[in-house]
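1. coords please:
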Amino acid sequence: MKIAIVNDMPLAVEALRRALAFEPAHEVIWVASNGVEAVQRCAEQTPDLLLMDLIMPQMDGVEATRRIMAETPCAIVIVTVDRRQNVHRVFEAMGHGALDVVDTPALGGADPKEAAAPLLRKILNISWLIGQQRASSVRAVTTPLRQAAQRQGLVAIGSSAGGPAALEVLLKGLPKAFPASIVLVQHVDQVFAAGMAEWLSSTSGQNVRLAREGEPPQPGQVLLAGTNHHIRLLKDCTLAYTAEPVNEIYRPSIDVFFESVARFWRGDAVGVLLTGMGRDGAQGLKLMREQGFLTIAQDQQSSAVYGMPKAAVAIDAAVEVRSLERIAPRLMEIFPK
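-> Numbers count the residues shown, from 1 in each chain. As a prediction, this is how the structure comes out:
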């Protein structure tokens with residue numbers, strides 16, 4: 001994979017170079033010391049993957065991500081030394097299309113390979129997303145009958161690159177006392193999940209928190225998948241985290257959650273697939289449609305990265321394709337107060 005590094009700290013650049021050297025297939029094609037230089041270099045030679053710092057002179061990583069994704073889009077991972085201090089910037093950059101975030105590997109540790117492992121694992125996942133050619137087979141599911149007495153509402157939302165900003169817009173458009181439960185599955189490492197829930201709460205006005213093992217979705221709650229395991233709905237309509245299936249490289253997998261909703265949810269539900277790279281969520285959304293649920297895909301014009309919604313549209317998984325601003329009003333029509 002051809003990789004570029006954008007970082008103004010020589011020690012950080014060296015740490016990234018050493019980490020990447022553990023995988024011979026990775027090649028560093030250029031290094032930029034600020035966002036302005038990164039935008040220019042991307043226009044001249046677009047990498048497969050860009051490792052982007054946040055705090056830099058002239059142009060920071062948030063604005064550089066926005067410019068690059070608008071002009072010469074490529075996969076971007078935010079690399080930061082202090083994720084707690086930079087949490088708001090991290091999710092701003094992810095809102096502009098950055099795929100993920102990872103800590104800068106430590107230099108001088110006892111086990112350099114272990115220090116490099118989180119970064120290399122992220123890169124492996126992204127290489128899978130970029131070149132993913134998963135077969136479009138759809139698993140049949142058998143669902144219990146939806147009983148009128150149990151017609152509780154659920155909105156299942158999946159997002160990836162560009163997701164934080166899209167989720168902010170969508171949640172802002174819903175009333176605080178929204179009568180259906182909402183479960184969010186965003187591609188984000190568990191290290192940053194709690195920070196993302198806090199960030200979404202502060203920016204959207206909704207009370208967003210991490211989903212807990214064993215709890216059922218409840219009306220008026222907004223729950224975010226919070227571990228590196230998949231989140232799924234069980235037969236008793238409670239939520240569970242599971243390592244299976246192991247073949248789903250991106251964790252948490254949107255497909256896994258959507259498929260569990262199609263199989264076990266007894267009330268009314270809507271599946272929403274937002275901006276993101278790759279195909280995750282498309283097959284699960286199709287299963288939801290086949291079980292009679294309304295399914296919505298974000299349109300190309302309003303998507304930061306038109307990958308996952310495009311895959312859903314291609315296999316006829318979406319009943320409706322809507323701009324981001326029109327999704328919340330549609331949900332309020334489906335679940336009126």
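
2. what about the strands in the stretch 51-200 of the chain?
-> Listed in chain order, the strands of the stretch 51-200 of the chain (DSSP state E, counting those that start in this stretch) span 75-80, 100-103, 153-159, 181-186.

3. Identify all contacting residues around the third one.
-> Read it as strand 153-159. 166-167, 170, 179-187, 217, 219, 254, 257-258, 261, 265, 267-276, 280-281, 284-285, 288, 308, 331, 334-335 (C-beta atoms under 8 Å, 6 or more residues apart in numbering). From N, CA and C alone the C-beta is placed, and that goes for glycine too.

4. just the second one next, same as before
-> For strand 100-103, the surrounding residues in contact (C-beta under 8 Å, 6+ apart) are 77-81, 83, 90, 93-94, 118-119, 122, 125-126, 187-189, 191-192.

5. what stretches of the stretch 1-150 of the chain score poorly on pLDDT?
-> Along the stretch 1-150 of the chain, segments meeting pLDDT under 70 span 83-84, 131-150.

6. Show me where it has its helices.
-> Secondary structure of the stretch 1-150 of the chain (DSSP state H, counting those that start in this stretch): helices at 10-20, 35-44, 61-71, 87-95, 112-130.

7. Show me what counts as buried in stretch 315-330.
-> Neighbour-count burial for stretch 315-330 flags 317-318, 321-322, 324, 326-328, 330 (criterion: 16 or more other C-beta atoms under 10 Å).

8. err, stretch 51-70, not the other one
-> 51-56, 59-69.

9. In helices only, show me the contacts of strand 153-159.
-> 166-167, 170, 254, 257-258, 261, 284-285, 288, 308, 331, 334 (DSSP state H).

10. Drop anything exposed from those residues.
-> For those, buried by 16+ other C-beta under 10 Å: 166-167, 170, 254, 257-258, 261, 284-285, 288, 308, 331.

11. Tell me the one of these nearest Asn207?
-> Closest approach between those and Asn207, by C-beta to C-beta: Leu167, at 13.8 Å.

12. Quickly note the distance from that closest one to Ala211.
-> Distance of Leu167 to Ala211, given as C-beta to C-beta, to the nearest Å: 15 Å.

13. what's the answer for Val81, then?
-> 29 Å.

14. ok, these two, which is more surrounded?
-> Ranked by neighbour count (other C-beta atoms under 10 Å), Val81 and Ala211 place Ala211 first, with 24 against 17.

15. Which strand or helix spans the nearest residue to the more buried one once chain neighbours are set aside?
-> Of all residues not flanking Ala211 in the chain, Leu223 sits nearest, at 3.9 Å (C-beta to C-beta, 6 or more residues apart in numbering). Using DSSP states H and E, Leu223 sits in strand 222-224.

16. Identify the residues contacting the next helix or strand after that strand?
-> Scanning forward in sequence from strand 222-224, with DSSP H and E defining helices and strands, the next element found is strand 230-233. Outside strand 230-233, the residues within contact range by C-beta under 8 Å, 6+ apart are 183, 185, 211, 217, 225, 239-245, 248, 251-253, 256-257, 259-261, 263-265.

17. Direction included, what does strand 230-233 pair up with?
-> Strand pairing for strand 230-233, using DSSP bridges, gives strand 239-242 (antiparallel).

18. Which positions in the strand it pairs with come out as buried?
-> 239-241.

19. from those, which is closest to Ala19?
-> Among these, and counting by C-beta to C-beta, the member closest to Ala19 is Tyr241, at 28.4 Å.

20. quick one, what contacts the residue lying closest to that closest one once chain neighbours are set aside?
-> Counting by C-beta to C-beta, 6+ apart, His229 is the residue found nearest to Tyr241 once chain neighbours are left out, at 4.1 Å. When contacts are counted by C-beta under 8 Å, 6+ apart, His229 touches 241-243, 251-252.

21. Please apply the same query to Ser302.
-> 166, 275, 323-325.

22. same thing but 10 Å
-> 162, 166, 169, 274-275, 309, 322-327 (C-beta atoms under 10 Å, 6 or more residues apart in numbering).

23. got it, and Ala194?
-> Contacts of Ala194 by C-beta under 10 Å, 6+ apart are 87, 209-210, 224, 226.

24. Chain neighbours aside, what residue packs nearest to the one residue sitting closest to the centre of the chain?
-> Taking C-alpha atoms, centre = their mean as the criterion, Ser160 is the residue nearest the geometric centre of the chain, at 2.4 Å. Of all residues not flanking Ser160 in the chain, Gly276 sits nearest, at 2.7 Å (C-beta to C-beta, 6+ apart).

25. what does Cys42 give?
-> Thr72 (4.6 Å).

26. ok, how many other residues are close to that neighbour?
-> Based on other C-beta under 10 Å, the number of other residues close to Thr72 is 16.

27. With Trp265 as the reference, measure out to the closest residue to Gly220 other than its chain neighbours.
-> Excluding the flanking residues, the one nearest Gly220 by C-beta to C-beta, 6+ apart is Ala177, at 5.9 Å. Applying C-beta to C-beta, the value for Ala177 to Trp265 is 21 Å.

28. Those two: which has the busier surroundings?
-> Trp265 (23 against 8).

29. Roughly how far does that one sit from Ser181?
-> Distance from Trp265 to Ser181, by C-beta to C-beta: 10 Å.
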